[in-house]
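In: build me a structure from this.
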Amino acid sequence: MLDLHSTRVRRHLYQYLAFGLILPLCSTPAFADQIQQQALSDLNSSEPRKTSSLAYVSDFFSFVGRDAVGHVAFALDNNRGQDGDTWQTEHLLILLHDEQKGWQKLEGAGPYENTKKTVLQIPNSSYVEFTGDLATGLTIKHLESQLTLQVQGLHKHVLRREGDSRYQMGSAAATMTWQGRTLTGWVIHEHLEMVDFNRLTHQYFDLWTESYGLYAWMENSSDFLTVHQQAEHTPLTPLIGNSVGFTETNHIGEPLQDLQLTVKDSTQAMGFYQWPQGWKGQWTGQHGSGSLDVQISDLQVISNFILGGLAMGIIQGNITYKGQTRKIYGMAELLL
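Out: Below you'll find the model as predicted:
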């Protein structure tokens, strides 16, 4: 009899449902013919690119800011693809959380027309406009809510390459205006490109596993931490790795070595799986060992496929590094 509680069986069944019925829900990417002609400004590279008419690119932005009222967190995940002479794009996530009011509904998540036929740049939609670039400064406007996020030039902390594929993590100071408030904080950005791949038009099996991303701001400072981990080896592991992350303190970034992230407690989901409720982590940095202990204070389930799901959560807890223990506040992305 099929054991639905087996982690591997659950994962394969979930992937069949997610990829086969409603398109996969993951942040990954690639690039097409035009990328052979253009050097990505965020990679500062002019090397030749592999020509491909099957391409995918993803940009994920996580903002945490604060004013006298409290914290506001915002997440935007945009994906583009090319498949021959067809072009695709989507806002996979558009989410905002007010510390005092909880999750706020923002319109616009879902596919929209890629009128400019581009994967390199993020096309505007009827809900979200992008002005500028990540190298010198980017402005993101959510028109319906009159939200404006001004992101300064990106600092690159992690850059990984595997063949013609690229993965990058970076950060930038940012300011958000929303509902008469001005919030200062930081954006953590993830960028992924892949050739001969497009999840928006193709089905992929055994590609993604249990995956977590933590994006946290250290209180009363300009310092922050980000961690990304997936449970098992996949075809993407040579590029991304199973665990990757960085801290930035006093405007100096450093990668996290020997990173380990462990779920410390969980709760039953509406299906054959559980949602993590918190994590403990440890790593080694330039100044010795570090650790974190965080709990989800507010979970927003985005998709539930009975055997797995996608959710975002607000995290709070502590980080210990350089002999100091400090409070952190931020967001978590969960893909199970």
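
In: contacts and neighbour counts: CA atoms only from here.
Out: Fine.

In: where are the low-confidence patches of the stretch 201-336 of the chain?
Out: 206-209, 235 (pLDDT under 70).

In: again, only this time at 80
Out: When residues are selected by pLDDT under 80, those of the stretch 201-336 of the chain lie in 204-209, 220, 231-239.

In: quick one, strands of it?
Out: Applying DSSP state E, counting those that start in this stretch to the stretch 201-336 of the chain gives strands spanning 211-218, 224-230, 243-249, 252-255, 257-268, 274-285, 288-304, 309-321, 324-335.

In: including distance to residue 76, could the ones you listed go into TSV?
Out: Output for the strands of the stretch 201-336 of the chain, formatted as TSV (distance: least, CA to CA, whole Å):
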stretch	distance to residue 76
strand 211-218	13
strand 224-230	16
strand 243-249	19
strand 252-255	23
strand 257-268	24
strand 274-285	21
strand 288-304	13
strand 309-321	11
strand 324-335	11
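
In: who wins for proximity to residue 144 among these?
Out: strand 288-304 (20.3 Å; CA to CA).

In: which one of the strands of the stretch 201-336 of the chain lies nearest to residue 183?
Out: Minimum separation from residue 183 across these (CA to CA) falls at strand 211-218, 13.3 Å.

In: show me what the closest one is packed up against.
Out: Using 3 or more CA pairs under 8 Å, 6 or more residues apart in numbering; DSSP states H and E as the contact test, the elements touching strand 211-218 are strand 54-66, strand 224-230, strand 324-335.

In: pick the most buried one from those strands.
Out: Each of the helices and strands packed on strand 211-218 was assessed for mean neighbour count using mean count of other CA atoms under 10 Å. The highest is strand 54-66, with a mean of 25.

In: averaged pLDDT, that one. What do you get?
Out: Regarding strand 54-66, the rounded mean pLDDT is 95.

In: shaky segments in the stretch 1-150 of the chain?
Out: By pLDDT under 80, the weakly predicted segments of the stretch 1-150 of the chain are 1-52.

In: run through who's touching stretch 105-125.
Out: For stretch 105-125, the external contacting residues (CA atoms under 8 Å, 6 or more residues apart in numbering) are 30-32, 34-35, 40, 55-57, 78, 80-82, 87-96, 126-130, 144-145.

In: change it to 7 Å
Out: 31, 35, 56-57, 80-81, 87-95, 127, 130 (CA atoms under 7 Å, 6 or more residues apart in numbering).

In: of those residues, select the buried ones using a PyMOL command.
Out: Here is the PyMOL command that selects the buried residues among these (16 or more other CA atoms under 10 Å):
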select buried, resi 31+35+56+57+80+81+87+88+89+90+91+92+93+94+95+127+130
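
In: what segments of the stretch 101-250 of the chain are helices?
Out: Applying DSSP state H, counting those that start in this stretch to the stretch 101-250 of the chain gives helices spanning 237-240.

In: now the residue nearest the centre of the chain. Nearest residue, chain neighbours left out?
Out: By CA atoms, centre = their mean, the chain has its centre lying nearest to residue 60, at 4.3 Å. Spatial nearest neighbour of residue 60, excluding adjacent residues (CA to CA, 6 or more residues apart in numbering): residue 77 at 4.4 Å.

In: need the contact list for the one you found.
Out: 59-61, 91-94.

In: and it, that one's in a strand?
Out: Yes. With DSSP: H, G, I helix; E, B strand; the rest coil as the criterion, residue 77 is located in a strand.

In: hang on, the earlier thing: make JSON lines from the contacts of residue 77 and add distance to residue 296 to it.
Out: Shown next, in JSON lines, are the contacts of residue 77 (distance: CA to CA, whole Å):
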{"residue": "59", "distance to residue 296": "24"}
{"residue": "60", "distance to residue 296": "20"}
{"residue": "61", "distance to residue 296": "19"}
{"residue": "91", "distance to residue 296": "24"}
{"residue": "92", "distance to residue 296": "22"}
{"residue": "93", "distance to residue 296": "19"}
{"residue": "94", "distance to residue 296": "19"}
